[in-house]
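# okay, predicted coordinates and the sequence, questions at the end:
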Amino acid sequence: MGSTRTAWHVLLVALLSQRGPRRFEVRSEVPLSTEPLRADYLLLRGSAGPSEPAGTLKRLWDLLPRDTIVEFKSIGRPYRRRNLDRLCSYLHLYCADEPVRIEQRSDLCGVLLVPSRTRSLDADVADLGLEWGDLGGGYWRLRGGAFALLVVEIDAAAEADDDDLLRLFGHGEAHTVEARRWLSQQLGAEEIAMEMHDLEGFDEVVRKLLATLPPERVLSAYAPEQRMAGLPPEQRMAGLPPEQRMAGLPPEQRMAGLPPEQRMAGLPPEQRMAGLPPEQRMAGLPPEQRMAGLPPEQVLLALPDEVLHALSDSYLATLPEGTRAAIRARIGR
């Protein structure tokens, strides 16, 4: 635990290793944390002076002693099991290292800022033998520890104080121009932006900012193809007139699902008839249209028998031999 390692430390680890029970492993100079021992924030109360109203976390400041260690758990990186143990260890280490500032334990306090209480936090409080004390408005005091401990639920505190800036740090969304302007200013400040850019949660901060903007303002920064990217086809087409929905589709997709009469509507006759067998092309046409363009001998053979019976022998004699023979065979002449 001491910061200075002496020769006696080396001798003692040799004694423990050589003379201790074999079922124990002895290690020396062991780091006790995989993360650096660095608190999120340290709040130092200044000398007595005129009291001024707080602009955020309004109920917190009057509860704090001389020094306060603050741990913040965000939406993207929420409270995890034994985070409260880590905060308690920070308090003990700070108390041991700052005997001048911390004359008594009541001079030091720990604050845990969380979006809301969770099961894992409740479980840790119970494991440490602490008790919840409701101070109202999202503020809690944990009783039973060596140091004063406070828990602030950001969501509840923001609603109780109608603090739109504080809402940004919880599950809520900011509603005012002031909150949007403040967040924009922080992201626009070069020093702050550079510090945040490569940190976990930066994308979450940007999403929060975008959520405060009107949709049309957000979309105005994107080209049309960027606005539509990722949308399912039915959402891309919603609101478009039929001709725009169909533009760019191959013919088979345009016609898919249409009944035959709708597929043919608007086509010229030659396109309607293309690919049909002769009998289907002729069906429904009046006689004069069926005969149009046919050679005379084919027109004659298409006439009913009673018309052929009326033809004179002198007229039949003028016909080609094959046509004349076919007519005579039909009428038995």
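Everything's here; your move. Computed from a predicted model, the values in this text were never measured in an experiment. Residues are numbered from 1 along each chain as shown.
# from here on, contacts and neighbour counts on C-alpha atoms
OK.
# by contact count, what packs against the longest helix seen in the chain?
When the chain is parsed with DSSP state H, its longest helix is helix 83-97. Applying 3 or more CA pairs under 8 Å, 6 or more residues apart in numbering; DSSP states H and E, one finds that helix 83-97 contacts strand 67-72, strand 108-114, helix 119-127.
# can you do 10 Å?
strand 67-72, strand 108-114, helix 119-127, strand 148-153 (3 or more CA pairs under 10 Å, 6 or more residues apart in numbering; DSSP states H and E).
# Provide a list of residues in contact with the spatially closest residue to C95 that is not a sequence neighbour.
Ranked by CA to CA, 6 or more residues apart in numbering and with sequence neighbours excluded, the top spatial neighbour of C95 is I102, at 6.1 Å. By CA atoms under 10 Å, 6 or more residues apart in numbering, the residues touching I102 are 66-67, 94-96, 108.
# and I102, how close does it get to L91?
Counting by CA to CA, to the nearest Å, the separation of I102 from L91 is 11 Å.
# what do the two both touch?
Contact criterion CA under 10 Å, 6+ apart; residues shared by I102 and L91: L108.
# residue ranges in the stretch 201-333 of the chain under the pLDDT threshold?
Scanning the stretch 201-333 of the chain for pLDDT under 70 picks out the ranges 201-228, 230, 248, 264, 266, 269-303, 307-308, 333.
# all strands in the chain, in order from the N-terminus.
41-44, 67-72, 108-114, 131-136, 139-143, 148-153 (DSSP state E).
# go through the ones you listed and name the closest to H175.
H175 sits nearest to strand 148-153 of all the strands of the chain, at 19.3 Å, using CA to CA.
# other SSEs contacting the closest one?
The contact analysis (3+ CA pairs under 10 Å, 6+ apart) places strand 148-153 against strand 67-72, helix 83-97, strand 108-114, strand 131-136, strand 139-143.
# for Q235, find the nearest of these.
strand 108-114 (37.7 Å).
# and the closest one, what does it pack onto?
Contact here means 3+ CA pairs under 10 Å, 6+ apart; on that basis strand 108-114 packs against strand 41-44, strand 67-72, helix 83-97, strand 139-143, strand 148-153, helix 154-161.
# how about a cut-off of 6 Å?
Here strand 108-114 touches strand 67-72, strand 148-153, going by 3 or more CA pairs under 6 Å, 6 or more residues apart in numbering; DSSP states H and E.
# quick check, distance from stretch 62-71 to the centre of its chain.
Stretch 62-71 has its C-alpha centroid displaced from the chain centroid by 37 Å (CA atoms, centre = their mean, to the nearest Å).
# now the end-to-end length of that stretch.
By CA to CA, one end of stretch 62-71 lies 18 Å from the other end.
# can you give me the mean pLDDT across it?
Across stretch 62-71, the average pLDDT comes to 94.
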